[in-house]
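Student: Here you go, sequence then predicted model.
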Amino acid sequence: MGSGLVTKKEEKTVKDSNSALAQTPGPVLWSLKFEHHEAVRKRWRRIYNLPIRKRSQEVIRDALRPKDVVLDFGAHEAQLGEHLRRWGLDVEYRSLDIDTRIQHDYRSLDEVKEPITCIVCQHVLEHFSLRDGYQLMQQFCQKLEPGGRVILTVPNIYHPTRFWQDTEHLTPYTYTELGALLTLTGFELHSITRIYHDPVLRKFLRRIVLHPLFKLLSLDYAYDIVAIGEKPKT
């Protein structure tokens, strides 16, 4: 599926820039950002090289480890917590949301004092400006325990309408930009996955019949993108 690895020299360049960026808040130099984009593109040349899963919950479930303490950032109605209980996973769930109409464990990251080993952030990042999103990812990296993971879900902007279905969306992320955001803020990029599920007939039309046209127009039928980053253990 086109998941070629970066060279050791490229990997060292990315890691060296990570250590500097982790201590430098503010805008990112264009040239440095470009390096990180290209490192992601070397692993997956095009959007169509990314693997496909039916639901983002499947990706989250497979990424969790026993005894994880999971922080659901922007939890809304805490549906992820219901999924975790239904799956019977040996993890602890914490919800965070600013919506005061619903009971949550936390209202801000500043309130979180306990060790966190996984942060899930579903359809939140696109509501932030690029600068605020960058700073949020730095905060995630600081909050996570070494070896902890962050799981991000955003609309797939290669889909013709997905991003534009919400007028409050501020920042569109290509898969390379999402991956670069992770590596720029101190994470190691673990994986990027496309999310797509439809009734059988529609799936056949989009994945088989119309797929050549989608590729010709640089469009994609997958609705969302899920990226997983891991905080280095040392």
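Tutor: Nice, I can see it.
Student: May I have the helix or strand where residue 94 lies exported as PDB, CA atoms only?
Tutor: If you go by DSSP states H and E, residue 94 is part of strand 92-96. The C-alpha coordinates for strand 92-96 follow below in PDB (Å, rounded to 0.1, in the frame of the first residue of the first chain):
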ATOM      1  CA  GLU A  92      -9.700   4.000  32.300                       C
ATOM      2  CA  TYR A  93     -11.700   6.700  30.500                       C
ATOM      3  CA  ARG A  94     -11.700  10.400  31.200                       C
ATOM      4  CA  SER A  95     -13.700  13.000  29.300                       C
ATOM      5  CA  LEU A  96     -12.900  16.700  28.700                       C
END
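Student: Next SSE downstream of that strand?
Tutor: Scanning forward in sequence from strand 92-96 by DSSP H and E, the next helix or strand is strand 116-122.
Student: Are there helices or strands packed against that following strand, and which ones?
Tutor: Judged by 3 or more CB pairs under 8 Å, 6 or more residues apart in numbering; DSSP states H and E, strand 116-122 is in contact with helix 56-63, strand 69-73, helix 130-143, strand 144-155. Heads up, the C-betas are built off the backbone N, CA and C, glycines and all.
Student: Quick check: mean pLDDT of the second one?
Tutor: Model confidence over strand 69-73, given as mean pLDDT, is 98.
Student: so what pLDDT did the most centrally placed residue in the chain get?
Tutor: Closest to where the C-alpha atoms of the chain average out (CA atoms, centre = their mean) is residue 152, at 2.3 Å. Listed pLDDT for residue 152 reads 98.
Student: From residue 72, how far out is the closest residue to residue 59 other than its chain neighbours?
Tutor: In space, and not counting its chain neighbours, residue 59 is closest to residue 226: 4.7 Å by CB to CB, 6 or more residues apart in numbering. Residue 226 is 15 Å from residue 72, where distance means CB to CB, to the nearest Å.
Student: Test of understanding: give the bridge partners of the residue nearest to the centre of the chain.
Tutor: residue 121, residue 227 (DSSP bridges).
Student: distance between the strand holding residue 94 and the chain's centre?
Tutor: With CA atoms, centre = their mean, to the nearest Å as the basis, strand 92-96 stands 18 Å off its chain's centre.
Student: and what of stretch 176-185?
Tutor: Relative to its chain's centre, stretch 176-185 lies at 9 Å (CA atoms, centre = their mean).
Student: Let me know whether residue 95 touches residue 105 as I believe.
Tutor: Yes. Using CB atoms under 8 Å, residue 95 makes contact with residue 105 at a distance of 5.2 Å.
Student: more crowded one of these two?
Tutor: residue 95 (22 against 17; other CB atoms under 10 Å).
Student: And for the residue nearest to that one when sequence neighbours are not counted, the neighbour number?
Tutor: Sequence neighbours aside, residue 75 is the residue nearest to residue 95 in space, at 3.7 Å (criterion: CB to CB, 6+ apart). A count of nearby residues for residue 75, using other CB under 10 Å, gives 24.
Student: and residue 75, what is it in contact with?
Tutor: By CB atoms under 8 Å, 6 or more residues apart in numbering, the contact list for residue 75 reads 81, 95, 96, 97, 104.
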